[in-house]
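Take a look and give me a structure for this.
(chains A and B)
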There are 2 protein chains.
Amino acid sequence: MLIVAERINSSRKAINEAVLSGDAGIIRHEAKIQADAGADFVDVNAGTFMGEELERLKWIVEVVQDTVTTPLCIDSPDAEVIGGILPLVEKPPMVNSITLEPSRLDAILPLAAEHGARVIALCQSPEGLAETADRKVRMAHELVEKAEQAGMPQDFLYVDPLVYPVATDPLSAVATLDAIAAIKKEIPGVHTICGLTNVSHGVPERKLFNRTFLVAAIVRGLDSAILDPTDKKLFGAMKAALALMGEDEYCLEFIEAYREGRIG
Amino acid sequence: MLIVAERINSSRKAINEAVLSGDAGIIRHEAKIQADAGADFVDVNAGTFMGEELERLKWIVEVVQDTVTTPLCIDSPDAEVIGGILPLVEKPPMVNSITLEPSRLDAILPLAAEHGARVIALCQSPEGLAETADRKVRMAHELVEKAEQAGMPQDFLYVDPLVYPVATDPLSAVATLDAIAAIKKEIPGVHTICGLTNVSHGVPERKLFNRTFLVAAIVRGLDSAILDPTDKKLFGAMKAALALMGEDEYCLEFIEAYREGRIG
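Residues are numbered from 1 along each chain as shown, chains lettered A, B, ... in the order given. As a prediction, the model looks like this:
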């Protein structure tokens, strides 16, 4: 299971304030706890700083790279921002994200390919969101085709079928889970990834919903996720699901994580 | 989701002591909290009382039926015990359980059919346990055939593919989950059911493992479970999983359970 750790995002108040005041200590701490908790990539997002996103993200990237050796996931819909950050990264990064919208696809995909970056690709097109499993899978095929044309190895692509709130769209999670299973079957060389928070808008106990959805997605074949690895309940549910799915022989990793106090 | 509530089992110390001392209050309390928590059947088991199982179970049945209107699940491998209890039940019960072993199959199945009882049928035969999904599914077909021969409606049968500890058999949960999906597909008229506690023997945080397995099983099509509905974390994970699988439109049941304080 590949983990993209999501905590360094300027939409979080503490991060926003740390960036504004130049408090590197908070960013260092967030980078370190996520690396220690098993992050494979540390996501960095400065999207709330309209007009100064690139400058703010450069500072974050500098601080994170000075703190941990975990590679970065550059999180922006803006090709200029991504293009400005890619030359600064020390390890092959991930880019979050492209869609089938030409403004993102045509501008970001070649940049990522050129810099040897992995890419998160959302099942979203100019015609709108993909609400059914069929449409999600068709878009996944299109994204894979575009990545191939850009010269990117298939296993550098992390397709996110997207999920919408079940409180307003009762079959949204089923569609996403079916899409995950179908993509795994039809395009086994590509990865699937998913954010977890969308699914629970409008219900109480959102974290319970999010981690239940993560378990469901792992059962259907999800191999990567964007999440907070320091959330011990979420991390525990993930490790238990992986053990149940035969991906942790004799539960050794689960038991180790438990002993290290990482499971709540 | 059909819930067989498992708390009234003499292998639990409090139940054992209540039965020995004739403390009906404890049994009443256990019956009531499980009925309130959404039990569809209240399991009653006096298996630890060797030689006096029938007599002890009669007392339990009397107390439970005097307390709640929820139907009973008569839990014994002994045809004589089941035969002694069936005439006493006030509502069509469930019988827990038969296997393909002739001693249980040939003695218990006709009794259950005669009394209009539903039956839990374990994928276990005289040749031993079914460890692979294929063997589990083959046994499910055999059990369905036997039930048909006994004149039982197919939807009165609750097939339990059984699960073994993943700490010693890393692919056991996968085999069970695959069997649940295959049985649902190949024999859609039959129910699947599962106990949850076996899977977690030998790992820490057993309850986390058990509820993660329940979520996984629901994702693959499980429609009934033997569990403790008063366990708020387990109940919450189950309700969230059902909402995610499109079985709780607009999350109304989840939200109601949350408001009633049944989700932890």
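
Using PDB, write out every CA atom in the helix or strand in which residue A:207 is found.
Element membership of residue A:207, judged by DSSP states H and E, is helix A:206-219. Extracted as PDB, the C-alpha positions of helix A:206-219 are listed here (Å, rounded to 0.1, in the frame of the first residue of the first chain):
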ATOM      1  CA  ARG A 206     -17.000  11.200   9.200                       C
ATOM      2  CA  LYS A 207     -13.800   9.600  10.200                       C
ATOM      3  CA  LEU A 208     -15.600   6.300  10.700                       C
ATOM      4  CA  PHE A 209     -17.100   6.600   7.300                       C
ATOM      5  CA  ASN A 210     -13.700   7.500   5.700                       C
ATOM      6  CA  ARG A 211     -11.900   4.500   7.200                       C
ATOM      7  CA  THR A 212     -14.700   2.100   6.400                       C
ATOM      8  CA  PHE A 213     -14.500   3.300   2.800                       C
ATOM      9  CA  LEU A 214     -10.700   2.700   2.900                       C
ATOM     10  CA  VAL A 215     -11.200  -0.800   4.000                       C
ATOM     11  CA  ALA A 216     -13.900  -1.400   1.300                       C
ATOM     12  CA  ALA A 217     -11.600   0.000  -1.300                       C
ATOM     13  CA  ILE A 218      -8.600  -2.200  -0.200                       C
ATOM     14  CA  VAL A 219     -10.900  -5.200  -0.400                       C
END
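
average model confidence for it?
Across helix A:206-219, the average pLDDT comes to 98.

ok, and does it reach over to chain B?
Yes - for helix A:206-219, a contact with chain B is found by C-beta under 8 Å from any C-beta of the partner chain, at A:208, A:209, A:212, A:213, A:215, A:216, A:219. To be clear about C-beta, it is placed using only N, CA and C from the backbone, and glycine gets the same treatment.

Quick one: work out the angle between that helix and helix B:206-219.
Helix A:206-219 and helix B:206-219 are oriented at 60 degrees to each other (axes from the mean of the first three to the mean of the last three C-alpha atoms, to 10 degrees).

can you redo the residues of helix A:206-219 next to chain B as TSV with distance to residue B:134 and neighbour count?
Shown next, in TSV, are these (distance: C-beta to C-beta, whole Å; neighbours: other C-beta atoms under 10 Å in any protein chain shown):
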residue	distance to residue B:134	neighbour count
A:208	35	23
A:209	34	30
A:212	29	30
A:213	30	31
A:215	25	29
A:216	25	26
A:219	20	25
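
For those, which two are the farthest from each other?
Farthest apart among those by C-beta to C-beta are A:208 and A:219. That separation is 16.7 Å.

Okay, domains of chain A per the record?
According to automatic domain parsing, chain A comprises the domains A:1-66, A:92-230.

Out of those, flag the one nearest residue B:66.
Closest to residue B:66 of these, according to C-beta to C-beta: domain A:92-230, at 35.9 Å.

so how far is the first residue of the closest one from its last?
Domain A:92-230 has its terminal residues 24 Å apart, counting by C-alpha to C-alpha, to the nearest Å.

any chance you could map the strands in chain A?
Assigned by DSSP state E, the strands in chain A fall at A:2-9, A:41-45, A:72-75, A:94-98, A:118-122, A:124-125, A:128-129, A:157-160, A:191-192, A:224-227.

Turn those into JSON lines, columns for mean pLDDT.
Shown next, in JSON lines, are the strands of chain A (pLDDT from 0 to 100):
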{"stretch": "strand A:2-9", "mean pLDDT": "98"}
{"stretch": "strand A:41-45", "mean pLDDT": "98"}
{"stretch": "strand A:72-75", "mean pLDDT": "98"}
{"stretch": "strand A:94-98", "mean pLDDT": "98"}
{"stretch": "strand A:118-122", "mean pLDDT": "98"}
{"stretch": "strand A:124-125", "mean pLDDT": "96"}
{"stretch": "strand A:128-129", "mean pLDDT": "84"}
{"stretch": "strand A:157-160", "mean pLDDT": "98"}
{"stretch": "strand A:191-192", "mean pLDDT": "98"}
{"stretch": "strand A:224-227", "mean pLDDT": "98"}
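
Nothing else from me, thank you.
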